[in-house]
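[1] here is the input, now give the coordinates:
(chains A, B, C, D, E, F, G and H, ligands or ions: 10)
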Amino acid sequence: MARELMKGNEAIAEAAVRAGVAAYFGYPITPQTELLEYMSHRMPELGRAFVQAESELAAINMVYGAACTGQRVMSSSSSPGVSLMMEGVSYIAGTELPVVLVDVMRGGPGLGNIAPAQGDYNQIVHGGGHGDYHSIVLAPSNVQEAVDYTVLAFDLAEKYRSVTVVLLDGMLGQMMEPCELPPMKPMKKEFEDWAVNAAGGRERRFLTSINLNPAMQEVTNFRMLDRWQQVEANEIRYKSYFMEDAKFAVVAYGSSGRISLSAVRAARAEGIPVGLIRPITVSPFPTEAIREAGKKLEGMLVVEMSAGQMLEDVLAATQYSVPTEFFARIGGVVPYPDEVLDAIRDLAKGPLTMEGHPRDRWLKRMAERI
Amino acid sequence: MARELMKGNEAIAEAAVRAGVAAYFGYPITPQTELLEYMSHRMPELGRAFVQAESELAAINMVYGAACTGQRVMSSSSSPGVSLMMEGVSYIAGTELPVVLVDVMRGGPGLGNIAPAQGDYNQIVHGGGHGDYHSIVLAPSNVQEAVDYTVLAFDLAEKYRSVTVVLLDGMLGQMMEPCELPPMKPMKKEFEDWAVNAAGGRERRFLTSINLNPAMQEVTNFRMLDRWQQVEANEIRYKSYFMEDAKFAVVAYGSSGRISLSAVRAARAEGIPVGLIRPITVSPFPTEAIREAGKKLEGMLVVEMSAGQMLEDVLAATQYSVPTEFFARIGGVVPYPDEVLDAIRDLAKGPLTMEGHPRDRWLKRMAERI
Amino acid sequence: MPVKGHVVVNETYCKGCELCVGACPQHVLGLDLDHITAKGYHPATLIADGCTGCGICGVMCPEAAITIYREKSGVVRITS
Amino acid sequence: MPVKGHVVVNETYCKGCELCVGACPQHVLGLDLDHITAKGYHPATLIADGCTGCGICGVMCPEAAITIYREKSGVVRITS
Amino acid sequence: MATMQTENDALVYARPESLTDVSTHYCPGCTHGIAHRLIAEVIDEMGIREKMIGVASVGCSVFAYNYFNFDFVQAPHGRAPAMATGVKRVLPDKMVITYQGDGDMASIGMAEIVHAATRGENITVFFINNTNYGMTGGQMAPTTLPGQKTTSSIHGRDVETQGYPIRAAELLSQLDGSSYVVRRALNDPKNVRLAKKAIRTALEVQARGLGFSMIEFLSICPTNWGMTPEASLKWLEEKMIPYYPLGDYKVHPAVAEIKI
Amino acid sequence: MATMQTENDALVYARPESLTDVSTHYCPGCTHGIAHRLIAEVIDEMGIREKMIGVASVGCSVFAYNYFNFDFVQAPHGRAPAMATGVKRVLPDKMVITYQGDGDMASIGMAEIVHAATRGENITVFFINNTNYGMTGGQMAPTTLPGQKTTSSIHGRDVETQGYPIRAAELLSQLDGSSYVVRRALNDPKNVRLAKKAIRTALEVQARGLGFSMIEFLSICPTNWGMTPEASLKWLEEKMIPYYPLGDYKVHPAVAEIKI
Amino acid sequence: MQNEILIAGFGGQGVLFAGQLLAYAAMDEGKQVTWIPSYGPEMRGGTANCTVIISDEEIGSPLVSHPQAVIAMNRPSLDKYEPMIKPGGVLIINTSMVDRKAVRKDIKVVEVDANAMSEKLGDKRMSNMVLLGALLGQLKVLPNEAIEKALRAHLPERHHKLLPKNYEALHEGARLQVIEI
Amino acid sequence: MQNEILIAGFGGQGVLFAGQLLAYAAMDEGKQVTWIPSYGPEMRGGTANCTVIISDEEIGSPLVSHPQAVIAMNRPSLDKYEPMIKPGGVLIINTSMVDRKAVRKDIKVVEVDANAMSEKLGDKRMSNMVLLGALLGQLKVLPNEAIEKALRAHLPERHHKLLPKNYEALHEGARLQVIEI
Ligand SMILES: Cc1ncc(C[n+]2csc(CCOP(=O)(O)OP(=O)(O)O)c2C)c(N)n1
Ligand SMILES: Cc1ncc(C[n+]2csc(CCOP(=O)(O)OP(=O)(O)O)c2C)c(N)n1
Ligand code: SF4
Ligand code: SF4
Ligand code: SF4
Ligand code: SF4
Ligand code: SF4
Ligand code: SF4
Ligand SMILES: [Mg+2]
Ligand SMILES: [Mg+2]
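    Ligands and ions are numbered 1, 2, ... in the order given. All right, here's what the predicted structure looks like:
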């Protein structure tokens, strides 16, 4: 099939269209806006639903309503807008509905800036909304993956009745790369037995996140946890580079993942036996894979565009059994491969330690540097 | 001083008044509403500001504005309402302002119910808002502590220019206990040099969370991280019970902490050498204390009213070096001491293991049970 | 001779709010104080003759607890 | 003889938007095409005599870039 | 309305099919019940029960889905119009209604209702104005009357510090997207009948794709008002109606042609 | 306005003191600049610069705090009225203003502006209606005219699916809490002068504690409209003013007495 | 030494106030005490209950699965809570609202026709006092004086004329005997 | 083999389009390629730039601290990016907009009076093509034909009459020599 040169934001939009998204609801925000703009003409052109909502708060609730009908629906935004969706996301999770969300992260906290960042990791991965729930989170690191995982997101969301987030940042949203788009899927015709669509000729149905009786709520929560265990068993994805003979490994996802790849290649060229593990599902997190890999390693380097959020998950994965260092640029600053390369060199040079916290050592180094 | 019998919600309100809160903004929501109702007459009576906002979203932004003037300000809500505050909280954190928030947690996710729960732990402790930031989180487990830590919250918020959350649940909010209230503090007269208050006769000031230049944002974030390291160094609080000779320990906070205390007492009465560690600052988390304690223990039991959220922090604290089990009732179900006692007995009986995840074992046990 | 009718109050719904009692133009409705429903309310009931089956009680009942009949002689009038 | 005045355009602010040019009743304002400001714009300037110091250009300038003077002879009129 | 024949009696009125046979949790005399009943009756009469999708809001009517005998979803506090928009946009042929309280719609949900109206969303909004937050125990609502005592205005609402009541019908009638916006009261048989007619008109508006319709119902809350149901009806008539005049605030020409 | 004497010339006009000496980031001809200038001039004239606290919103004017020479805070998108409420309630003697775009105030911030108005918050809102989301590159705003092309309505706003424009001044004038609500245009010297008078009145309203005041400014966005500033002014006059009539929509009797 | 008392009935029967009275009295006696109600909409129309724990040391859980004593003011409450009472514990039944006997044989049961008794005392709103008295007659957790003091302190001024009758109600209740099995 | 090209200038000078043209051409040649712009409000009035990376294998970072080649269309861009160029790399200067010489001695520098040249060709909007041609003259990353194909494919139909002139512009640029130091 023909390759097209597309912006990440637009590639995701077209991928969603081809995955059979029936309705899109969103609100403009840089660096995600092209996704909404693309949908604003593409969806009506196909006779599908598009609404530029009055806010992200309204958008997520439009998504909530549309999802109740069993159709494939989505929204997209960037950090501050995503924060406004937290109540809605918790409701959607509590109602066990399939929904696809795209977060094109920018520098924060607050209004911050519109540069690429990964500071929403905890919010998206560990639950920014209230109550116990989990979201499936896919983190592409190039435009082709953005396309592929957007399609996958719809499938997983439906399979597990789960909120599924495609998590990227302004860099991937704004850059152009060649990609192959999937064929156009036919629109959904069969609907699950929970779909509230006034189909008629059947018992009435309703969808709600209320369980005034705590015992009932607990049953619901256990059902969701059970489903989550299945997700953990079936859906973990990650990509390894140069790990066969690696004595050291970098762990990074999304943009920092591809930046680290450049650094790892350069390090290999210098003869440093380093590999890269790039989580694709950051939730569920590839805990086993990292633990196993860790057993053969002398040291690890976690690279993020946030202040050590994923770092905690990596440390938990290795159960603190592997000497680990941390490197990050934050607040919208994108690290250059050279910086990561330096961090790899330092790691290889040692000394390696299990004392103290990698974040503290990183802060100390940065303080000297800046 | 005379002891008074007060509901947790009202005790917190009066404590805030005596700590010199100049403005309260909130919105009704069970099981927190008494706090707002109390403030609705108490604040005007003292000539201070009270507004029942049109929503939690508006309330947090009224708090944001009032906090910019350097005055002591607060809001309170419960789970769904707190989710609506996430954008505002991220802005406040990014603007480095002192603000006190009270979250009286209820069963979730979604609308869930109004029963006591601890499901907002990750949202409050690990950042439910976008971007990198930390909040100080105090978790009282009785009405007296609710009073004391509300007062402390205002002091810490100011000292570290930080969002400080008093985290409790419907049980503590609704129950009555005797407590001693602090004397009335005089209102703040001196204001920090960042206060935007049109004082006149000085250079203009402004407060914002924007740093369109990522490099500037990074500097801000590092400053915040540096401050957070000071908080970690100075402000960690927890309470230990029967730990001197303990071979086992329960770790639990807030309501599940006090429920666990009953169970620990009962277990001691049976001769089980078990103690209790009750984190008071769940953020920053008493990592060192738990790690140290862990070195002398054969096993740990983490008890929550959520599905293993704090559990991860405890495992990280012990670096997975202590056999750990988990027990929780979720979705608004409050565990009885007897249930916790059973869990303690099982822990003491063993067998203890380091294999697998405590949450998975708990889910298996609950599945058999429910 | 006036139209005759009668009403039947369903106890599973009635909460004894008396809105029907106040609305009945014939003043033939009242609460049955000797009787308590499962939910602990005194249900409404006809306490006198003279119900015309006008349907007004049904218009005001918040619980849709009232069924209203009128003798065939009378014309069936829909209350809306 | 008409009132005489003149204007001074501050180049650090002027962006050559021409709102003043279009507004000047005397048509004595224009852009200085031979000159580019640090920000890369052609600034506005008086291109002919006849400025009356009426102040209208100042009313329309989005950048508050114009300072306006009028000869003492003329009455000082505040443009608001 | 279902009418069926018995031996020698004619059935004048019976519980509508569009209500489930569940006893509500509403307090005795609460006119939420009358609003429910009227909506159900109209839906029966129009024979559209199986085409209905309701959106419950957060308030005492949060369990509306237990009482209405058709498909339902339940929205976060104030967001029912957004959720209804989502439903309607993917199922334009279904009949979508929201049922919201005054706290829900006029306070936290103000942005969503204004924008649903200005977009001319083809949905019908049933708005219950009972001058307080019933479910949470009677706090002040945007609709609370000046001087009215509530648990968060114990000395009576002071308009200077607590603001003025919002007249939702008047406000929404301002928007070009709204086609039918009226206010009715549930205080006596006459007004209840007028309320029912309005419900019929509103649903006809939606059925004909004429756009946004909203009915404000002046309703009682005996429990939080601390009055008997009877006294509450009187208070509604004497205090509420003067402040919230009944009437038609927006009737799009196309709507005016609808004959029922 | 500052007037000072030089040798043989009389100063007729000079840059107001209430503006910093920073060059703005606004596009050439953007009338955000005129609004800024007028506000600064009035504040100079009233001599209240040191009493001012501004609340910047999210939009092209997000950096207003860099251009106004007095205290400022910066609000999340749409929440400026809530933030201003917080500021004003603790500092009732200071002069609090918000400066908001149409996306900010009329879209995401609808609930906050309606409630600030209905509460009669004693603040002044400056509302810039430029019929689009300028900062994000020209998407459709609630104020975008029917048929107007934007990056999210490339075939022109279709009122059937994208809804009708919101007339903010008319809407807010409905609320009992609002005291002074008017619409002005920044398209020619006459209208600019009238706009300035309105700013003076609005700030006098606040200074006298008369409650909520709001001025809607019809403004241009040459960049996203894809026109020259000159052509934009013409478009404003020919297309916007007919749809958004200039005038006073709410003038509380107490306000009418203010003489400037 | 810790005592757990659960009081349950219809809303409006004075369930919560009776519990608070106990709590106030305990506090004034210098004891540790917790009072926790059922809360939220389910109170509407339905049943209300509260648990009071009185102890000499720091109280852990304010809720217990097996209370020492239960006052059942209506049938649903009896059905729900009788089985939970600690063996050897106390059960006070308001026979005016309950049409069945207790089934447990391992606890002390007192039957109180509270409505009748309080009406005899001249005010039927005092049934909860009679029942409270009956409880204190069996469960020696606080002296009657403590309750009386609490009543004086916490009964709204406008009802103070009723104080003597309330004392009487407490005493009447306290005089009742455990029924023989 | 990986080539990094950074193109910078004022908004409106065709910076982004020139970069995209390179990217399209590279893609059609079957190469790996990334194109990333500066984005957001700072573009307003200010300067714009984009980085294009062309490679034979999977591209890691789309941004590099030291690009192989830089096209500086205005003075600020020259000041900012000249120091970053890889030793031995290429610097194309649009002398029509820049009033200074290059200072680096370890790179290949081509000075292009792009505005004059393109006006001579009859349309001054083609300066960016002249500069692109100059770049491709030095950095043999893609054959001119590839760029021409890309132009045909991606220049808006309504401008197709300008294609020949654009080809010419590319060639003119390509013919320019590196200045001797
Ligand atoms: C985000 C959020 N805030 C607050 C609440 C608490 N809450 C539940 S119902 C309600 C008010 C309901 O009042 P109204 O809408 O007037 O309905 P009514 O009960 O009066 O019919 C509130 C504030 C909530 N559930 N969610
Ligand atoms: C919560 C949130 N959503 C979206 C954005 C992105 N955003 C920034 S400015 C803006 C619109 C501004 O338009 P307007 O208010 O009309 O101001 P203008 O730029 O036109 O003056 C948007 C949507 C944001 N910063 N925050
Ligand atoms: S109106 Fe209905 S619920 Fe009320 S008393 Fe009459 S029958 Fe019963
Ligand atoms: S039908 Fe009419 S007359 Fe009969 S009881 Fe009802 S209201 Fe009264
Ligand atoms: S002052 Fe009047 S006449 Fe002079 S330039 Fe300005 S507009 Fe023209
Ligand atoms: S209006 Fe102002 S900015 Fe525009 S050209 Fe004239 S002086 Fe320059
Ligand atoms: S609280 Fe008020 S609104 Fe709610 S059910 Fe009771 S009477 Fe009705
Ligand atoms: S984008 Fe439009 S509104 Fe923003 S500064 Fe430029 S012209 Fe003004
Ligand atoms: Mg209400
Ligand atoms: Mg705008």
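[2] use CA for all of it now, contacts and neighbours both
    Fine.
[3] any regions of the chain where pLDDT drops low?
    I'll assume chain A. Along chain A, the parts satisfying pLDDT under 70 run over A:1, A:370.
[4] oops, chain E please
    E:1-7.
[5] whether the top helix by length along it contacts chain C - can you check?
    Secondary structure of chain E per DSSP state H: the longest helix is helix E:189-207. Yes: shown here: helix E:189-207 in contact with chain C (C-alpha under 8 Å from any C-alpha of the partner chain) through E:189, E:192, E:193, E:196, E:197.
[6] and which of those is nearest to ligand 3?
    residue E:189 (11.9 Å; C-alpha to the nearest ligand atom).
[7] residue C:23 is in contact with that closest one, correct?
    Yes: counting by C-alpha atoms under 8 Å, residue C:23 is a contact partner of residue E:189 at 7.5 Å.
[8] what touches both of those two?
    Counting by C-alpha atoms under 8 Å, 6 or more residues apart in numbering or on different chains, the shared contacts of residue E:189 and residue C:23 are C:56, C:60.
[9] you'd agree residue A:59 is in a strand?
    No: per DSSP: H, G, I helix; E, B strand; the rest coil, residue A:59 lies outside any strand segment and is helix.
[10] could I get the contacting residues of it?
    Taking C-alpha under 8 Å, 6+ apart as the test, what residue A:59 contacts is A:25, A:26, A:27, A:52, A:53, A:75, E:82.
[11] can I get these in CSV including neighbour count, distance to ligand 1 and secondary structure?
    Formatted as CSV, those follow (neighbours: other C-alpha atoms under 10 Å in any protein chain shown; distance: C-alpha to the nearest ligand atom, whole Å; DSSP: H, G, I helix; E, B strand; the rest coil):
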residue, neighbour count, distance to ligand 1, secondary structure
A:25, 27, 21, strand
A:26, 29, 21, strand
A:27, 26, 21, coil
A:52, 24, 23, strand
A:53, 27, 19, coil
A:75, 23, 21, strand
E:82, 33, 15, helix
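[12] okay, strands next: where are they in chain C?
    C:5-9, C:29-31, C:44-46, C:66-71 (DSSP state E).
[13] the stretch 1-150 of chain E too?
    In the stretch 1-150 of chain E, the strands defined using DSSP state E, counting those that start in this stretch lie at E:9-13, E:52-56, E:71-74, E:95-101, E:124-129.
[14] between those strands, which gets nearest to residue B:190?
    The closest of these to residue B:190 is strand E:95-101. By C-alpha to C-alpha, the value is 44.4 Å.
[15] and the following helix or strand past the closest one, anywhere near chain F?
    Scanning forward in sequence from strand E:95-101 by DSSP states H and E, the next helix or strand is helix E:102. No: using C-alpha under 8 Å from any C-alpha, helix E:102 never reaches chain F; the gap is at least 13.6 Å.
[16] what do you get for stretch A:84-95?
    No: using C-alpha under 8 Å from any C-alpha, stretch A:84-95 stays clear of chain F, with a minimum separation of 10.6 Å.
[17] contacting residues around that stretch?
    A:56-57, A:60-61, A:64, A:99, A:128-131, A:133-135, A:162-163, A:207-209, B:80-81, B:83-87, B:108-112, B:128, E:76.
[18] cool, stretch A:151-158 as well?
    Against stretch A:151-158 from outside (C-alpha under 8 Å, 6+ apart): A:15-16, A:18-19, A:72, A:97-100, A:136, A:138, A:162-166.
[19] likewise for stretch E:196-212?
    C:80, E:38-39, E:42, E:95, E:116-117, E:120-124, E:177-180, E:182, E:213-215, E:254-255, E:258, E:260.
[20] whichever of the residues you listed end up buried, select them in ChimeraX.
    This is how ChimeraX selects the buried members of these, with burial counted by 16 or more other C-alpha atoms under 10 Å in any protein chain shown:
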select /E:38,39,42,95,116,117,120,121,122,123,124,177,178,179,180,182,213,214,215,255
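[21] now residue G:168, what's its secondary structure?
    Assignment for residue G:168 (three-state DSSP): helix.
[22] quick one: contacts for it?
    residue G:121.
[23] related to what we said a few turns ago, put the alpha carbons of the longest helix of chain E into CSV.
    Only the C-alpha atoms of helix E:189-207 are listed here, as CSV (Å, rounded to 0.1, in the frame of the first residue of the first chain):
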residue,chain,number,x,y,z
PRO,E,189,-54.7,20.1,38.6
LYS,E,190,-55.0,22.9,36.1
ASN,E,191,-51.3,23.7,36.0
VAL,E,192,-50.5,20.0,36.0
ARG,E,193,-52.6,19.6,32.9
LEU,E,194,-50.9,22.6,31.2
ALA,E,195,-47.6,21.0,32.1
LYS,E,196,-48.6,17.8,30.4
LYS,E,197,-49.6,19.7,27.2
ALA,E,198,-46.2,21.4,27.2
ILE,E,199,-44.5,18.0,27.5
ARG,E,200,-46.4,16.8,24.5
THR,E,201,-45.5,19.9,22.5
ALA,E,202,-41.8,19.6,23.5
LEU,E,203,-41.6,15.9,22.4
GLU,E,204,-43.4,16.8,19.2
VAL,E,205,-40.8,19.4,18.6
GLN,E,206,-38.1,16.9,18.9
ALA,E,207,-40.0,14.3,16.9
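[24] okay, the angle between it and strand E:124-129?
    Orientation check (axes from the mean of the first three to the mean of the last three C-alpha atoms, to 10 degrees): helix E:189-207 against strand E:124-129 gives 150 degrees.
[25] which element follows helix E:189-207 toward the C-terminus?
    Next element after helix E:189-207 (DSSP H and E): strand E:212-218.
[26] what angle sits between that following strand and strand E:124-129?
    Strand E:212-218 runs at 20 degrees relative to strand E:124-129, counting by the same axes, to 10 degrees.
[27] quick one: strand E:212-218 near ligand 1?
    No: judged by C-alpha under 6 Å from any ligand atom, strand E:212-218 makes no contact with ligand 1; its nearest approach is 11.2 Å.
[28] partners of that strand, with directions?
    The strands beside strand E:212-218 in its sheet (DSSP bridges) come out as strand E:124-129 (parallel), strand E:178-185 (parallel).
[29] which residues are in contact with the longest one?
    Among residues not part of strand E:178-185, those counted as contacts by C-alpha under 8 Å, 6+ apart are E:117-118, E:120, E:169, E:172-173, E:191-192, E:194-195, E:198, E:202, E:205, E:210-219, E:241, E:244-252, E:255.
[30] list the contacts for the residue positioned nearest the centre of chain G?
    In chain G, the C-alpha nearest the mean C-alpha coordinate belongs to residue G:132, at 4.1 Å (C-alpha atoms, centre = their mean). Contact analysis of residue G:132 by C-alpha under 8 Å, 6+ apart lists G:18, G:71, G:170, G:173.
[31] please identify the helix or strand for it.
    Counting by DSSP H and E, residue G:132 is found in helix G:127-138.
[32] ok so, going back, sort out for me which of the contacts of residue G:132 are in helices.
    Short answer: the contacts of residue G:132 in helices (DSSP H) are G:18, G:170, G:173.
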